[in-house]
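Here you go, sequence then predicted model.
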Amino acid sequence: MQAEIISIDVEILDKLNKAYVDSVQKSDVRWFDEHLSEDFLNSSPDGSIVDRAGFLAQIARSAELPHAAYPTYFVHLVLVFFLLAYSPYSKFAHVFYRPAAMLIARYREARSRAAGDIRAAGGVRAAA
């Protein structure tokens with residue numbers, strides 16, 4: 001029973017692998033569009049990471065299909081724009097907001113301490 005399941009899984013993986021290799025050689029954007037998940041990420045040899053739309057744009061561009069590459073690239077750019085436009089309102093904005101708030105608080109504290117030193121010395125700054 002388990003051997004049958006394993007052999008069926010191997011057959012499915014073999015078919016998927018052959019279809020993948022064929023689609024890479026033919027730059028078949030349609031196959032990738034049908035089989036890639038929505039949260040797909042691809043890491044390139046140069047270390048860059050692209051999302052599904054960017055990957056499909058790369059495949060279409062390598063196939064020299066401008067009628068497929070340009071709309072896909074446009075969709076990719078629009079998605080990246082919205083990612084950047086909405087980032088200040090996302091939870092990831094705290095990566096920047098929290099350190100900025102801490103720096104501002106530290107600056108205000110130092111400024112109020114300096115103002116307190118000036119008041120204590122009667123208008124002349126006290127020696128530190």
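Good, I have the coordinates. Numbers count the residues shown, from 1 in each chain.

Let's verify E38: helix, strand, or coil?
coil (DSSP: H, G, I helix; E, B strand; the rest coil).

I should have written D46 there, sorry.
Applying three-state DSSP: D46 is coil.

ok, it - how many residues close by?
5 (other Cβ atoms under 10 Å). Backbone N, C-alpha and C define where each C-beta goes, glycine included.

now do R113
For R113, the count of nearby residues is 10 (other Cβ under 10 Å).

Select the longest helix from this structure.
For the chain, the helix with the greatest residue count under DSSP state H is helix 94-120.

Give the rounded mean pLDDT of that helix.
Helix 94-120 carries an average pLDDT of 84.

how is the chain carved up into domains?
Domain assignment for the chain, taken from automatic domain parsing, gives 2-88, 90-128.

Looking at the ones you listed, which one is packed in the most?
Burial of the domains of the chain is given as mean neighbour count (mean count of other Cβ atoms under 10 Å); domain 2-88 ranks first at a mean of 13.

returning to that earlier point: I'd like the distance from the longest helix of the chain to the chain centre, please.
Counting by Cα atoms, centre = their mean, to the nearest Å, helix 94-120 is centred 33 Å from the centre of its parent chain.

for stretch 84-91, same thing?
Relative to its chain's centre, stretch 84-91 lies at 12 Å (Cα atoms, centre = their mean).

Quick one: end-to-end length of that stretch, please.
By Cα to Cα, to the nearest Å, the extent of stretch 84-91 from end to end equals 13 Å.

Stretch 48-55 now?
Its start and end residues considered, stretch 48-55 measures 11 Å (Cα to Cα).

which other residues reach it?
By Cβ atoms under 8 Å, 6 or more residues apart in numbering, the residues outside stretch 48-55 that reach it are 32, 36-44, 58, 72, 75-76, 79.
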